[in-house]
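*Asks:* Mind looking at a prediction? Sequence and model below.
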Amino acid sequence: MNATAPLPLSANSGHLRRLAALRWCVLAAELAVIYSARPLFDIALPLVPMLFIVVMLAAFNIITLLRLRDVTAVNDVELFAQLGVDFTALTLLLFYSGGASNPFVSLYLPPVAIAAAILPAGYAWALAGLSVTAYSALVFWNVPLAMQDAERAAHLHLTGMWLIFVASALLITWFVARMTEAVQSRDRQLATAREAALRNERVVALGSLAAGAAHELGTPLATMAVLTSELLRLPESTAAMREDLTVLREQIAHCKGIITSLAEQAGQTRAEGGRAVAVDAWLESVVARWRQLRPHTPARLSLHGATPVPLIVGEATLEQALLNLFNNAADAAPTEVEIDAEWSVSHLQIEVRDRGPGIDAQVLLNAGRDFITTRQNGAGIGLFLAHAAVERYGGRITLSNRADGGAITRVDLPLAALSASAT
C-alpha cells in the first residue's frame, strides 16, 4: 500500500468524530483558564470577546456533531476546514491575551501534528504555514496582558509553558493512539476480507473441478451399475455376495443421484425447493442421508432444544458440510459417531464426536484455511469446504480433542440467515 495515499473517506468520519470530542476538552480548558485568570493570577482578560469566541466555537462543534449524523462521506477538505476553524479561534483568543508572549501559543502544535497524521502532505504543509503566519502576526498585533510584577510574570509564563507542554503531549498522544487503533482495526478487517476472498476463489476453483469430475464420472458409474446388475443375476452368486452386490448397487445409484442433482442445485442457494422445515426434521434427514452413505458405521443422534422448533429452509452446501464432518468422524473411528444437536430460537449448535486418535495440533491451528488431512489418502478438501459453507452463513467450526480420547467438531450456526422468514 502506498504510504502517501489518502485514507478512505469512511476513516475521515472517524477522524472528525475524534476532533469533535477533542474540541470539547479544549473548550472546557479554555473556559477554566478564562474564568480563573483574574482570581488565581490577577490577570484581567477581556471577557466579552473571549467568551464570545468560545461560545461560537461550541456552536460550531454542535453543528459538527449534527453533520456527523449525515451519511455523506467526510473528505480531506472538510477536515482541513475543521482544523482551520480551531486555528482561527485559537488565534483570536491569543490576540486578546498577550499574543506570542502567551505560553498558550504552543497550542498551535497539536493541530499541526494531527493534520500531519490524518491529512495528505499538501494540507498538512498548508496548516503548518498558517500556524507560522499566525504566530508571527501575534508578535506584532495583540492586546498586551497588564502585569506589573515582572518576576511574577516570568514565573507564570514558565508555569504556563509547562502546563501547555503536558496538555499538548496528552492531546497528541490520545488522538494519535485512537487513530492508530482505528487504522489497525481497518487492517485487520482488510486481512480478514483478503483471506475470505482467497478462500472463495479456491471454493470456486473446486466447484469447476467438481463439475468436470461429475461429468466424467457418469460413464464409469453407468458401467458399474450394469456390471453389478449382471453379477446379481449369475446363478453361482452366494447369498453373501448378493448382499454385498446389493449394497454396492445402492451406493452406485446414490452416487448417480448426487451427480444428477448437481445440475439442479447449481445456481440455487436453498435446497428442498424453498420449503420450510423444522430444524430437527432437517437434521434427521441429513443424518439419514449420511447413513445411506456409511451403512456400516453406527451413529447415535441426539436432538434437543426449544419448542416450538424453529423453521428453516435447508441449504444444500450446509448439508454437504455436515456430511463431510460426519465422514471425517467415521474415518477417524468407524466404531461409533455421536451427533448431538441443540438449538434455541436463534442459534443451532451441532457437536460431532468420535473415539479416534484425536486431531493433530497442525490441523487444529490451520483447519479451514488450507487443505489439511491426517489420512494417508485424504485430500483435506471436505473440512475446507465445510468451513467455507458454515462461515458463509455467519457460523463457525471449532475443533478440539476429548479428554478421554477422540475428537469433537462443533458447529455454531445462527439461524437468522436460514430462517423461513428470511426467504
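*Replies:* Structure received. Residues are numbered from 1 along each chain as shown.

*Asks:* what about the stretch 51-200 of the chain, any weak spots by pLDDT?
*Replies:* Within the stretch 51-200 of the chain, the stretches with pLDDT under 70 are 71, 146-161, 175, 182, 196-200.

*Asks:* just the strands in it please.
*Replies:* Counting by DSSP state E, counting those that start in this stretch, the stretch 51-200 of the chain has no strands at all.

*Asks:* now swap in the stretch 301-423 of the chain and tell me
*Replies:* For the stretch 301-423 of the chain, the strands defined by DSSP E, counting those that start in this stretch occupy 311-313, 337-343, 347-354, 396-401, 407-414.

*Asks:* So what sits opposite the residue nearest to Ala329 when sequence neighbours are not counted in the bridge?
*Replies:* Spatial nearest neighbour of Ala329, chain neighbours left out: Asp354 (4.0 Å); criterion: Cβ to Cβ, 6 or more residues apart in numbering. (Each C-beta comes from the backbone N, C-alpha and C, glycine too.) For Asp354, the beta-bridge partners under DSSP bridges are Ala407.

*Asks:* so what's Asp354 up against?
*Replies:* Neighbouring residues of Asp354 by Cβ atoms under 8 Å, 6 or more residues apart in numbering: Ala329, Ala330, Ala332, Ala333, Glu336, Val337, Glu338, Gly406, Ala407.

*Asks:* ok so, going back, make a markdown table from the strands of the stretch 301-423 of the chain and add distance to Trp174 and mean pLDDT to it.
*Replies:* Listed next are the strands of the stretch 301-423 of the chain as a markdown table, based on distance: least, Cβ to Cβ, whole Å; pLDDT from 0 to 100:
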| stretch | distance to Trp174 | mean pLDDT |
| --- | --- | --- |
| strand 311-313 | 47 | 85 |
| strand 337-343 | 46 | 92 |
| strand 347-354 | 39 | 91 |
| strand 396-401 | 35 | 88 |
| strand 407-414 | 37 | 90 |
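
*Asks:* Show me the chain divided up by domain.
*Replies:* 9-146, 197-265, 272-422 (automatic domain parsing).

*Asks:* Ok, which of those comes nearest Leu170?
*Replies:* For the domains of the chain, proximity to Leu170 was assessed by Cβ to Cβ; domain 9-146 is nearest, at 9.3 Å.

*Asks:* Give me the distance between the residue nearest to Ala329 and Leu348.
*Replies:* According to Cβ to Cβ, to the nearest Å, Asp354 and Leu348 sit 20 Å apart.

*Asks:* Also Ala177?
*Replies:* 40 Å.

*Asks:* cool, Ala128 as well?
*Replies:* Distance, Ala128 to Leu348, using Cβ to Cβ: 58 Å.

*Asks:* more neighbours, those two?
*Replies:* Legend: neighbour count by other Cβ atoms under 10 Å for Ala128 and Leu348, higher for Leu348 (21 against 17).

*Asks:* How about the contacts made by the more buried one?
*Replies:* Counting by Cβ under 8 Å, 6+ apart, Leu348 makes contact with Val279, Ala341, Glu342, Val411, Asp412, Leu413, Pro414, Leu415.

*Asks:* Nearest to Pro220 among these?
*Replies:* For the contacts of Leu348, the minimum distance to Pro220 (Cβ to Cβ) is 33.5 Å, reached by Val411.

*Asks:* List the residues that contact the closest one.
*Replies:* Residues in contact with Val411 (Cβ under 8 Å, 6+ apart) are Ala321, Leu322, Leu325, Leu348, Gln349, Ile350, Glu351, Val352, Val390, Gly395, Arg396, Ile397.

*Asks:* Now the spatially closest residue to the second one that is not a sequence neighbour, what are its backbone angles?
*Replies:* If I follow you right, that is Leu322. Sequence neighbours aside, Val286 is the residue nearest to Leu322 in space, at 5.3 Å (criterion: Cβ to Cβ, 6+ apart). Main-chain dihedrals, Val286, degrees, to the nearest 10: phi -70, psi -40.

*Asks:* Could you report the separation of Val286 from Glu391?
*Replies:* Per Cβ to Cβ, Val286 is found 19 Å from Glu391.

*Asks:* So which of those two has more stuff around it?
*Replies:* Taking other Cβ under 10 Å, Val286 and Glu391 do not tie; Val286 has more neighbours (22 against 16).

*Asks:* which residues does that one contact?
*Replies:* For Val286, the contacting residues are Glu319, Leu322, Leu323, by Cβ under 8 Å, 6+ apart.

*Asks:* before we move on, the earlier item: any chance of the contacts of Leu348 in JSON lines, with distance to Asp86 too?
*Replies:* Below are those laid out as JSON lines (distance: Cβ to Cβ, whole Å):
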{"residue": "Val279", "distance to Asp86": "57"}
{"residue": "Ala341", "distance to Asp86": "59"}
{"residue": "Glu342", "distance to Asp86": "56"}
{"residue": "Val411", "distance to Asp86": "53"}
{"residue": "Asp412", "distance to Asp86": "48"}
{"residue": "Leu413", "distance to Asp86": "50"}
{"residue": "Pro414", "distance to Asp86": "45"}
{"residue": "Leu415", "distance to Asp86": "50"}
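
*Asks:* can you pull the contacts of Gln320?
*Replies:* By Cβ under 8 Å, 6+ apart, the contact set of Gln320 is Leu385, Ala386, Ala389.

*Asks:* Now intersect those residues with the helices, please.
*Replies:* Per DSSP state H, helices hold the following members of those: Leu385, Ala386, Ala389.

*Asks:* got a markdown table for the residues you listed, with neighbour count, pLDDT and distance to Ile164 too?
*Replies:* Formatted as a markdown table, the ones in helices among the contacts of Gln320 follow (neighbours: other Cβ atoms under 10 Å; pLDDT from 0 to 100; distance: Cβ to Cβ, whole Å):
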| residue | neighbour count | pLDDT | distance to Ile164 |
| --- | --- | --- | --- |
| Leu385 | 22 | 76 | 61 |
| Ala386 | 25 | 80 | 60 |
| Ala389 | 21 | 79 | 59 |
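
*Asks:* Of those, which is the nearest to Leu51?
*Replies:* Checking those against Leu51 by Cβ to Cβ gives Ala389 as the nearest, at 63.9 Å.

*Asks:* ok, that closest one - contacts?
*Replies:* Glu315, Thr317, Leu318, Gln320, Ala321.

*Asks:* Look up how far Val337 lies from the closest residue to Arg392 other than its chain neighbours.
*Replies:* Excluding its sequence neighbours, the residue lying closest to Arg392 (Cβ to Cβ, 6+ apart) is Thr317, at 7.3 Å. Note on Thr317: its distance to Val337, by Cβ to Cβ, is 21 Å.

*Asks:* All set, thanks.
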